[in-house]
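# below are the sequence and a predicted model; questions follow.
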2 protein chains.
Amino acid sequence: MSLFRPELDRIAGYVPGEQPRDAGWTKLNTNENPYPPSPRVIEAITEAAQGKLNLYPDPLGTAFRQAAGKVFDVDPDWILPGNGSDEVLTILTRSVAGTTDQIAFPYPSYILYETLADLQGARHQRLLLEPDWSWNFDKIMPLVAQSKLVFVPNPNSPSGNRWTWDDLISITPPKGMLVLDEAYGDFADHPHRGELLNSTIGHQIVITRTLSKSYSLAGIRFGFALAHPTIIAGMRKMKDSYNCDALSLAAGTAAILDQDWMIANTAKIRATRERLTASLIELGFHVVPSQTNFVWATHPTGAHKAQYDALRMRKILVRYMAFPDVPWAPDQKLDGLRITIGTDAEIDSLLTAFKEIV
Amino acid sequence: MSLFRPELDRIAGYVPGEQPRDAGWTKLNTNENPYPPSPRVIEAITEAAQGKLNLYPDPLGTAFRQAAGKVFDVDPDWILPGNGSDEVLTILTRSVAGTTDQIAFPYPSYILYETLADLQGARHQRLLLEPDWSWNFDKIMPLVAQSKLVFVPNPNSPSGNRWTWDDLISITPPKGMLVLDEAYGDFADHPHRGELLNSTIGHQIVITRTLSKSYSLAGIRFGFALAHPTIIAGMRKMKDSYNCDALSLAAGTAAILDQDWMIANTAKIRATRERLTASLIELGFHVVPSQTNFVWATHPTGAHKAQYDALRMRKILVRYMAFPDVPWAPDQKLDGLRITIGTDAEIDSLLTAFKEIV
């Protein structure tokens, strides 16, 4: 006799990604930022640690919302801080989708959205992307129309491309929300700034953001939603009372106030990305022009798994990804290497290894 | 047109408890510990802040689970760390209760369980307690039998009493889980140590723990579940991948390893609790013998709201609580004052004020 919901029993257990902690690895597999966070963040945490940790934190994260409001030029009521954008996406799923409702998302894309739908016991629908990562509107619009929630990472993972604002307006469900997961929005050539919130469908848009990538803070689990205050108010009902702790609130506030640091950090990543892209193309790879802190590389030989293994032998970790049920891919399986942009030295090591392997 | 689930629209918005941040308040309203946490916790946070915050934290919190396993004499597989016991309770609700399932809990008691059921869209059932805070087994057993999940804070809030292990075994749902919320378990005269996990119903028991109270760490949002590995494995599927951040994991691990500090802290609270109880009785209050870091005080005049207001005028905050639909209470409404055990100086201020007021 299982004591759990049948939905949960049907789902496979979570397998954490490879996170070797021993020294000597070049870690280009989980899209972490290779640079340390702003020194102001470390100061803020150290100061908060000396504060009144015996008291509950501010349940609404007021200081952070004020700081982020200034950066995005909105009132603090447009912002909901969360324990990583993971928590923000979970809150949205629970707030919007009942067991008879449909959640849709592009495919191949970030696999989490399907897991969130399964955990909620909601129906889900993949929106198949074209070989060039564009939308097939004729095919997907009927599916979008039936959805309460459409999750779209923009830019996308694993491909690294971004879609136009017009594309995204088109795939907004008429009676639902479009959630733009902008985890990588700061790495775009023209960094995203909440543009669609002021569009005609602005009241149906939720933008999620994380400090894990562009602010080098994967360790503190901090993200936020940016949306119309009526949406934020609904999400606030669903969240745990004190969902963000005093330390991550202090860290997040210091991080978002140091925009100069973030902009300099992402500029470095972008420069390395262009160099890596050019070098991979020289080595015979096909590389999708990336707007993120990673690139999606495929090779005419299709030997991606062997390449991954050969890199791993050299203590270089990239992400080998395989997506089944892709009609336009060989054997209906799309696979390739997703490579995080590391430091210039790390990318040099990777390229040296690739020259031996490919 | 609401974009949310009808269940969410029906629920009132969350109103955060009173958390004045200006100086001069004596804060005895939210069961925070008046003493600072172990100095080792502050050292651990400061050290973690210098670490690799650009990398994701350990998704399973291995170091914490090893430390807590030693304290509770179980394997690490029996432990699931969470973002406060709030998150652990949310994970349990989502993992066990579908929309047709029933969640039960004592009443009057901690109001959160009802909110969790409502947010999940599950049915809920109050198990009415007797005037002496004991169970009426004849009345509640049919309700327990139909439940997938029974939440019981042990010791209880607002009353501060604890129930016997035999009582708790009796109210375990035959086809469900009994969740013992032991937020205050360390303040009992014989602190709880996971006793029921080894009982005949051990495989149906989940114990939740928080570091907010006995470890003086409400600010870091850290709690954990203690249960049979098959239950922990199911809960792990439901949680966000990286639900605890690197700083709170470091803080939580340091805290749980410093048992001497926690034991000395709770001993101080217990001593002050006995003194406060005796003094309130002298002032004419009825006080439930407390096994927690607060007391539930009622006065023959029934003037609890006026007493709360008069204390508030003097910048002393206690919790005025009123529970409707209690058949055995005057006008079916049970009200009273829930007073957190502060420092001896804070309790002296409270008693001085009470002498003027009562």
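Looks like it came in fine.
# next, the angle from the one helix or strand residue A:250 maps to to helix B:246-257.
Assigned by DSSP states H and E, residue A:250 falls within helix A:246-257. Relative orientation of helix A:246-257 and helix B:246-257, computed by axes from the mean of the first three to the mean of the last three C-alpha atoms, to 10 degrees: 160 degrees.
# quick check, helix A:246-257 touching chain B?
Yes. Helix A:246-257 reaches chain B (C-beta under 8 Å from any C-beta of the partner chain) through A:246, A:247, A:248, A:251. From N, CA and C alone the C-beta is placed, and that goes for glycine too.
# do stretch A:77-91 as well
Yes. Using C-beta under 8 Å from any C-beta, stretch A:77-91 reaches chain B at A:83, A:84, A:86, A:87, A:90.
# and the first one, its phi and psi?
Read it as residue A:83. phi -80, psi 70 (degrees, to the nearest 10).
# go on, the second one?
Main-chain torsions, residue A:84, degrees, to the nearest 10: phi 80, psi 160.
# now the last one
In terms of degrees, to the nearest 10, the main-chain angles of residue A:90 are phi -60, psi -50.
# isn't it right next to residue B:239, touching?
No. Assessed by C-beta atoms under 8 Å, residue A:90 is found out of contact with residue B:239, at 9.4 Å.
# check contacts around residue A:188.
Taking C-beta atoms under 8 Å, 6 or more residues apart in numbering or on different chains, we find residue A:188 in contact with A:155, A:162, A:291, A:292.
# returning to what we had before: tell me the one among the residues of helix A:246-257 next to chain B nearest to residue B:335.
residue A:246 (32.0 Å; C-beta to C-beta).
# now do the domain split for chain A, please.
Partitioning chain A according to automatic domain parsing yields domains covering residues A:6-36+A:261-357, A:39-259.
# now the ones you listed as a markdown table including mean pLDDT and distance to residue B:9?
Converted to a markdown table, the domains of chain A look like this (pLDDT from 0 to 100; distance: least, C-beta to C-beta, whole Å):
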| stretch | mean pLDDT | distance to residue B:9 |
| --- | --- | --- |
| domain A:6-36+A:261-357 | 95 | 23 |
| domain A:39-259 | 97 | 8 |
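# ok, which of the ones you listed comes nearest residue B:340?
Closest among the domains of chain A, using C-beta to C-beta: domain A:39-259, at 11.4 Å.
# ok so, going back, of the residues of stretch A:77-91 next to chain B, grab the buried ones for ChimeraX.
In ChimeraX, a selection of the buried entries from the residues of stretch A:77-91 next to chain B looks like this (16 or more other C-beta atoms under 10 Å in any protein chain shown):
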select /A:83,84,86,87,90
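# chain B: which of the residues of stretch A:77-91 next to chain B is nearest?
Among these, residue A:86 lies closest to chain B (C-beta to the nearest C-beta), at 4.3 Å.
# picking that back up, next secondary structure element downstream of the helix holding residue A:250?
Trace forward from helix A:246-257 with DSSP H and E and the next one is helix A:259-282.
# and that following helix, what does it pack against?
Packing contacts for helix A:259-282, counted by 3 or more C-beta pairs under 8 Å, 6 or more residues apart in numbering or on different chains; DSSP states H and E, involve strand A:286-287, strand A:294-298, helix A:344-357.
# near chain B, anything from the longest one?
By that I understand helix A:344-357. No. Shown here: helix A:344-357 not in contact with chain B (C-beta under 8 Å from any C-beta), separated by at least 12.8 Å.
# got the CA positions of that helix in CSV?
Output in CSV follows, covering the C-alpha atoms of helix A:344-357 (Å, rounded to 0.1, in the frame of the first residue of the first chain):
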residue,chain,number,x,y,z
ASP,A,344,38.6,31.8,-21.0
ALA,A,345,41.1,29.4,-19.5
GLU,A,346,38.4,26.7,-19.0
ILE,A,347,37.2,27.2,-22.6
ASP,A,348,40.9,26.9,-23.8
SER,A,349,41.1,23.5,-22.0
LEU,A,350,37.9,22.4,-23.7
LEU,A,351,39.1,23.5,-27.1
THR,A,352,42.4,21.8,-26.7
ALA,A,353,40.6,18.6,-25.7
PHE,A,354,38.2,18.8,-28.6
LYS,A,355,41.1,19.1,-31.0
GLU,A,356,42.4,15.7,-29.9
ILE,A,357,38.9,14.2,-29.8
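# which other residues reach it?
Contacts of helix A:344-357 (C-beta under 8 Å, 6+ apart): A:26, A:28, A:34, A:272, A:275-276, A:279-280, A:283, A:307, A:310-311, A:314, A:316, A:318, A:339, A:341-342.
# residues contacting the residue lying closest to residue A:335 once chain neighbours are set aside?
In this structure, residue A:335 finds its nearest non-sequential neighbour in residue A:322, 4.0 Å apart by C-beta to C-beta, 6 or more residues apart in numbering or on different chains. Each residue near residue A:322 by C-beta under 8 Å, 6+ apart is listed here: A:305, A:333, A:334, A:335.
# highest neighbour count among the residues you listed?
When neighbours are counted by other C-beta atoms under 10 Å in any protein chain shown, residue A:334 leads the contacts of residue A:322 with 23 neighbours.
# run through the bridge partners of it.
Note on residue A:334: beta-bridge partners by DSSP bridges are residue A:323.
# how near is it to chain B?
23 Å (C-beta to the nearest C-beta, to the nearest Å).
# wait, that residue touches residue A:325, no?
No. If you go by C-beta under 8 Å, residue A:334 and residue A:325 don't touch, sitting 9.2 Å apart.
# just the strands in chain A please.
Applying DSSP state E to chain A gives strands spanning A:26-27, A:79-82, A:102-107, A:123-128, A:149-153, A:177-181, A:205-210, A:223-227, A:286-287, A:294-298, A:316-317, A:319-323, A:334-340.
# could those go into a markdown table alongside distance to residue A:45?
Listed next are the strands of chain A as a markdown table, based on distance: least, C-beta to C-beta, whole Å:
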| stretch | distance to residue A:45 |
| --- | --- |
| strand A:26-27 | 23 |
| strand A:79-82 | 16 |
| strand A:102-107 | 34 |
| strand A:123-128 | 38 |
| strand A:149-153 | 29 |
| strand A:177-181 | 26 |
| strand A:205-210 | 18 |
| strand A:223-227 | 17 |
| strand A:286-287 | 37 |
| strand A:294-298 | 27 |
| strand A:316-317 | 28 |
| strand A:319-323 | 29 |
| strand A:334-340 | 25 |
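# so which of these gets nearest residue B:12?
Short answer: strand A:79-82, nearest of the strands of chain A by C-beta to C-beta, at 17.7 Å.
# okay, now the sheet partners of that closest one, with direction.
Strand pairing for strand A:79-82, using DSSP bridges, gives strand A:223-227 (antiparallel).
# report the distance from the partner strand to the chain centre.
The chain centroid and the centroid of strand A:223-227 are separated by 13 Å, computed with C-alpha atoms, centre = their mean, to the nearest Å.
# what segments of the stretch 1-150 of chain A are helices?
Taking DSSP state H, counting those that start in this stretch as the criterion, the stretch 1-150 of chain A contains helices spanning A:6-10, A:39-49, A:62-72, A:84-96, A:112-120, A:137-145.
# list the buried ones in stretch A:36-54?
A:36-38, A:41-42, A:44-46, A:48-49, A:52-54.
# quick check: the two most widely separated of the contacts of residue A:322?
Longest span within these, C-beta to C-beta: A:305 and A:334, 12.9 Å.
# what residue in the stretch 251-358 of chain A comes nearest to chain B?
For the stretch 251-358 of chain A, C-beta to the nearest C-beta, closest residue to chain B: residue A:251, 7.7 Å.
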